[in-house]
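Q: let me see the structure of the following:
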Amino acid sequence: MRLTLLGTDSQAGQCPTLYATDRDTYVIQGWTVTDPEALADLKDVLEGETFVEVPKALLRFAANDQGVGVREEVDR
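A: Coordinates of the predicted model:
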């Protein structure tokens, strides 16, 4: 999988950050959700899934996803 940085609200390299993948999906770097009430509200959780919290403002960077183009690529 290849990641392309779309945008970040972080300062000094900290999260949250939004990436596009070469598989037509997104990877979101954020804070791990550990609140028991929030976890209990999740539906249809599959093995191997994890959950992160990000500010709503981070999603504005999804508009930067123009498919393959000139963007910073990140190996993961």
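Q: ok, now how distant is Thr21 from Phe51?
A: Separation of Thr21 from Phe51 (Cβ to Cβ, to the nearest Å): 18 Å. No exception for glycine: its C-beta is placed from N, CA and C like everyone else's.
Q: same question but for Val45, I mixed them up
A: 8 Å.
Q: cool, and Phe61?
A: 19 Å.
Q: just want to know which of those two has more residues nearby.
A: Phe61 (19 against 15; other Cβ atoms under 10 Å).
Q: surely that one meets Tyr19?
A: No - taking Cβ atoms under 8 Å as the definition, Phe61 is not a contact partner of Tyr19, at 9.3 Å.
Q: overlap of the contact sets of the two?
A: Residues touching both Phe61 and Tyr19 by Cβ atoms under 8 Å, 6 or more residues apart in numbering: Leu6.
Q: which stretches of this protein form strands?
A: 2-8, 17-21, 26-29, 31-32, 52-53, 73-75 (DSSP state E).
Q: any idea of the mean pLDDT in the fifth one?
A: Per-residue pLDDT values over strand 52-53 give a mean of 92.
Q: packing partners of that strand?
A: strand 31-32 (3 or more Cβ pairs under 8 Å, 6 or more residues apart in numbering; DSSP states H and E).
Q: packing partners for the strand it packs on?
A: Looks like strand 31-32 contacts strand 52-53 (3+ Cβ pairs under 8 Å, 6+ apart).
Q: residues contacting the strand it packs on, please?
A: With contact meaning Cβ under 8 Å, 6+ apart, strand 52-53 is reached by Pro16, Ile28, Gln29, Gly30, Trp31, Thr32, Val33.
Q: of the residues you listed, buried ones?
A: Taking 16 or more other Cβ atoms under 10 Å as the criterion, what is buried in the contacts of strand 52-53 is Pro16, Ile28, Gln29, Gly30.
Q: out of those, which two sit at the greatest distance?
A: Farthest-apart pair in those is Pro16 and Ile28; separation 6.9 Å (Cβ to Cβ).
Q: what residues are shared contacts of those two?
A: With Cβ under 8 Å, 6+ apart as the test, Pro16 and Ile28 both reach Val52, Val54, Leu58.
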